[in-house]
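Asks: give me coordinates for this.
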Amino acid sequence: HNAHSSKDHNFIGASHDKQFEDALVAGYRGLQLSTCTCENIISKALLERDPSLGLETSNMGFCHSACGTGVRDPKAVINNIKTFLDVNRREVLIVEIDMTGDSEDDLRTALRASGLLDYVYIPDSEYVDWPKMGKLVDKNKRLILFGRGGSLRSCAAPDCRDGILYFYDFIAQTEPDGSDVTSCDSTISDEVNVDYFLVNQFQRNDAMIPSQTIAKDLNSYNELSARFEDCQGKFEPNLLSIEFWQQGDALEFAQKDNEKRYELMKMGFGRRGLRG
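Replies: Predicted structure coming up:
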């Protein structure tokens, strides 16, 4: 959650200690990011405004709410994701971007100029039959990109502009505001057919800022196991959103959960694995 927001990059009320680049190295394969439009004076001071990405006059950055509480430069975020895919040629990433303010056009411009979109998987049918990761690797389409905000609306998967699939066409989720971190109840009816189910496993403290202490508890193996047990008979989770990725046992839990799912899939049961 808020993968761009870290103490490494001097965010106030950061969602993580370490930057998302280190999380990718550690084994995480899903990122939630948000873009925003900064005030012009802040942009001049904090953003590179790289002309090679078409951003020479842009105020777009990666932040949550106000740029004054922390912002990451688009060049670093986009290029570092691309570099990870360039170097790790058998890895698949799922990235979701919430486009706030009027940041969408500049984000699309930067994505196109960066070459990152060359990796994006674009379904060839409105009714998506998701390929196994091996096929994505073989075709070198190793980035699944979801978006919301801005002008994004429901779109037939092959026609979604820049390959950015509309978040709500494919993903259901638990409460995203931290009001429920124990159940697997979805914000939409479980009778709706969706491809992904996102479990939001984070909660703010009394000051309404991210907390390492809370994250360590929520990211523990026992807490994750208990919550996923509540999912039986409901949507089956395959996306997990956490804060302070270094705290707790999220990676270990995801690995063991994926091993269980793999065994079930070999017997003809279950669905795709868990990404965090």
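Asks: in what helix or strand does residue 95 lie?
Replies: Residue 95 belongs to strand 93-99 when assigned by DSSP states H and E.
Asks: show me what that strand pairs with in its sheet, parallel or antiparallel.
Replies: Next to strand 93-99 in the sheet, as set by DSSP bridges, lie strand 30-37 (parallel), strand 143-149 (parallel).
Asks: format those as CSV; extra columns: distance to residue 71, mean neighbour count and mean pLDDT.
Replies: Every residue, glycine included, has its C-beta placed from N, CA and C. What follows is the strands paired with strand 93-99, written out as CSV (distance: least, CB to CB, whole Å; neighbours: other CB atoms under 10 Å; pLDDT from 0 to 100):
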stretch, distance to residue 71, mean neighbour count, mean pLDDT
strand 30-37, 7, 22, 97
strand 143-149, 17, 21, 98
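Asks: and of the ones you listed, who's closest to residue 263?
Replies: Ranking these by proximity to residue 263 (CB to CB) places strand 30-37 first, at 22.3 Å.
Asks: give me the buried positions along the next helix-or-strand element following the closest one.
Replies: As assigned by DSSP H and E, the chain's next helix or strand after strand 30-37 is helix 40-46. For helix 40-46, the neighbour count (16 or more other CB atoms under 10 Å) marks 42, 43, 46 as buried.
Asks: CSV please, covering those and showing distance to residue 241 and pLDDT.
Replies: Formatted as CSV, these follow (distance: CB to CB, whole Å; pLDDT from 0 to 100):
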residue, distance to residue 241, pLDDT
42, 27, 90
43, 28, 93
46, 26, 93
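Asks: hang on, the earlier thing: how about the strands paired with strand 93-99, which one is nearest residue 236?
Replies: Across the strands paired with strand 93-99, residue 236 has its closest neighbour in strand 30-37 (16.1 Å, CB to CB).
Asks: can you list contacts of that closest one?
Replies: 1-4, 20, 23-24, 59-67, 71, 74, 77, 81, 93-104, 106-107, 149, 239-241, 275-276 (CB atoms under 8 Å, 6 or more residues apart in numbering).
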